[in-house]
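Novice: fold the following, please.
(2 chains)
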Amino acid sequence: MSEPQTIAVEFKRVMKSFSTKRVLNDVSFHIDQGQALCLLGRSGTGKSVTLKLIMALMQPDSGEVWVDQDNVVGMGEHSLSLVRKKLGYLFQDAALFDSLTLYENLALPLSRLTKKSTDEIDDVVHRVLTDVGLGADGAKYPSALSGGMKKRAGLARALVLEPKILLADEPSSGLDRITAFEIDELLMRRKTEHGTALIIVTHDVHGARRVADRVGVLDKGNLVAFGSVDEVSQSENEVARKLITE
Amino acid sequence: MRWLSKLFEFVGKVGLFALRVVADSLRPPFEFAQLSRQLAEVGNRSLALIVVSGFALGAVMTLHTRNTLVAFGATAMIPAVQAVSFFVEIGPLVAGLLLAGRVGSGIGAVLANMRATEQIDAIESLSIDSFKFLVVPRVLACVIALPFLTLFMDFAGLLGGFLSEEVASHIAPTLYINRAFDYLQWSNFIAPTLKTAVFGFIIGSVSSYFGYTTDKGAQGVGEAATNSVVLSSLLIIVADVLLIKCIFFLFPETAI
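Specialist: You can find the predicted model right below:
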């Protein structure tokens, strides 16, 4: 008998506006632990905002955002810090800390949030850097890395605390096909080998088809389609159909 | 009247930001590693600017005051005038304004850049309190470093003044020092030097406010740097007036 699936992230009737512009309108969905969800949609339709709401970097106007078994809306800083330890976030431009080397970028969360010794931190950082193909680049500063290397470094930092849920904001944007494929492979490996739930904002439909168990399409703040790739390809919504079958 | 309500709103926001700095600086965990990094940035890297400026200012001041004092037959007063003006006012004020220019713009630009490139969000996403991690150490570094930098400026000014006077009158170093400190008591320069800790707090808080709270992307980086210098400098001058009144009120013997 298979284990019952646990919900990794759930949105319940979430609304979010910036001044007069509504970017999320009554959005509800959930994904289970170990699944990958790709969020598609035109620019400015609320995809990145969705990730920031999950990480509680911003608050919705109304609705609930559940991460694992906690509603992060209105949560205090201490509880939020515990929830965030379950999450990893790959930012669109990697958001590596300019003043720290790649090694220090990864060692920082380990030294502050775990009780690992310096040697253990050293081991973990080298292992994660090697996993993303940057084993020899630990001493470099972010300014010395190419776009693809920055993305992989950002992914390494997002993974260094072994999160249960990984949020990735356009992990393949601005990358060539081969590097984008490598990033997708890293994400897939994370899902299959560690059971990490993935929520990926992307414009790369080919990548989404490869990686996603579920696809969500956002248009003008509304979640116009949600389901498997096949289900979304047969959606009644024209924008969703066009996006997934392009 | 809309501008007035905006002004009050702005003052309120900066005030609350500064209060949060005070509250968070007393609450563990304490960011000693970050503080040490910032002390190096604010203190060590500003030292050359402070010393060279102080030296030049000291030399120029002696050149300007010498002729007048000679005309009144008060040549012997030159070292005392130099010491009193530097230790009591010029050193603290100029060191504060120089630091506002060098460090204030840097703090504003760095934090605004970190905001624009989502580095501050990244810190939060790693369960690290970005305010305690980025803002508090920068403000504390300014508070700690500025009084020491002021002392360097004071002595550099005195050295510049001595060399200028030595060229003009071949005065002996010991005589210059004796005359310089004839009219200066400890109490005359302790309070003015310590008041620069307030200047440091102003520089750190105002610059961090503009950098940390910007939401204008890359454009916000330049604006944060400029606004940090302008408002820090203005507030330092205003605070100087108020602090001098406070010092005279609390320590009347410091009035020369």
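Novice: ranges for the helices of the stretch 1-150 of chain B?
Specialist: B:2-25, B:32-39, B:45-71, B:78-85, B:91-99, B:105-116, B:119-125, B:130, B:136-169 (DSSP state H, counting those that start in this stretch).
Novice: quick one, what contacts the residue nearest the centre of chain B?
Specialist: Geometric centre of chain B, nearest residue: B:G96, 2.3 Å, by CA atoms, centre = their mean. Each residue near B:G96 by CB atoms under 8 Å, 6 or more residues apart in numbering or on different chains is listed here: B:146, B:150, B:196, B:199-200, B:203, B:236, B:240. C-beta: built from backbone N, CA, C; applies to glycine.
Novice: gap between it and chain A?
Specialist: Distance, B:G96 to chain A, using CB to the nearest CB, to the nearest Å: 26 Å.
Novice: hang on, the earlier thing: please, a PyMOL command that selects the buried ones among the contacts of B:G96?
Specialist: Here is the PyMOL command that picks out the buried ones among those, judged by 16 or more other CB atoms under 10 Å in any protein chain shown:
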select buried, chain B and resi 146+150+196+199+200+203+236+240
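Novice: dump the helix or strand bottoming out on mean pLDDT in chain A to CSV, keeping only the CA atoms.
Specialist: Lowest by mean pLDDT, DSSP states H and E among the helices and strands of chain A is helix A:238-245, with a mean of 84. Extracted C-alpha coordinates of helix A:238-245, given in CSV (Å, rounded to 0.1, in the frame of the first residue of the first chain):
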residue,chain,number,x,y,z
GLU,A,238,-7.1,29.4,-25.1
VAL,A,239,-4.1,31.1,-23.4
ALA,A,240,-3.3,27.9,-21.5
ARG,A,241,-3.6,25.8,-24.6
LYS,A,242,-1.4,28.1,-26.7
LEU,A,243,1.2,28.3,-24.0
ILE,A,244,1.6,24.6,-23.4
THR,A,245,1.4,23.6,-27.1
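Novice: which residues does that helix contact?
Specialist: Helix A:238-245 has contacts (CB under 8 Å, 6+ apart) with A:40-42, A:205, A:208-209, A:215, A:217, A:219, A:224-225, A:229, A:232-235.
Novice: out of the contacts of B:G96, who's nearest B:P28?
Specialist: Proximity of the contacts of B:G96 to B:P28 (CB to CB) peaks at B:G200, which lies at 22.4 Å.
Novice: give the contact list for the closest residue to B:S53 other than its chain neighbours.
Specialist: Once flanking residues are discounted, B:S53 sits nearest to B:L98: 5.9 Å by CB to CB, 6 or more residues apart in numbering or on different chains. Each residue near B:L98 by CB under 8 Å, 6+ apart is listed here: B:46, B:49-50, B:53.
Novice: from B:I50, how far out is B:L98?
Specialist: 6 Å (CB to CB, to the nearest Å).
Novice: do A:L110 as well
Specialist: Going from A:L110 to B:I50 by CB to CB gives 38 Å.
Novice: with B:R115 instead?
Specialist: Distance, B:R115 to B:I50, by CB to CB: 29 Å.
Novice: those two: who's more crowded?
Specialist: B:I50 (26 against 23; other CB atoms under 10 Å in any protein chain shown).
Novice: B:A95 is in contact with that one, correct?
Specialist: Yes - B:I50 is within contact range of B:A95, at 5.9 Å (criterion: CB atoms under 8 Å).
Novice: who touches both of these two?
Specialist: B:149, B:153.
Novice: ok, longest helix in chain A?
Specialist: Longest helix in chain A by number of residues, with DSSP state H as the criterion: helix A:177-194.
Novice: for that helix, give the mean pLDDT please.
Specialist: Average pLDDT, helix A:177-194: 87.
Novice: any idea which element the residue nearest the centre of chain A lies in?
Specialist: A centroid search over chain A (CA atoms, centre = their mean) returns A:L167, at 1.2 Å, as the residue closest to the centre. Element membership for A:L167 (DSSP states H and E) is strand A:165-169.
Novice: need the contact list for residue 212.
Specialist: You didn't say which chain, so I picked chain A. A:A212 makes contact with A:36-38, A:200, A:229, according to CB under 8 Å, 6+ apart.
Novice: um, chain B though
Specialist: B:17, B:111-112, B:115, B:120, B:131, B:134-135.
Novice: adding distance to chain A, write the residues you listed out as a markdown table.
Specialist: Shown next, in a markdown table, are these (distance: CB to the nearest CB, whole Å):
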| residue | distance to chain A |
| --- | --- |
| B:F17 | 17 |
| B:L111 | 12 |
| B:A112 | 13 |
| B:R115 | 11 |
| B:I120 | 9 |
| B:F131 | 10 |
| B:L134 | 10 |
| B:V135 | 15 |
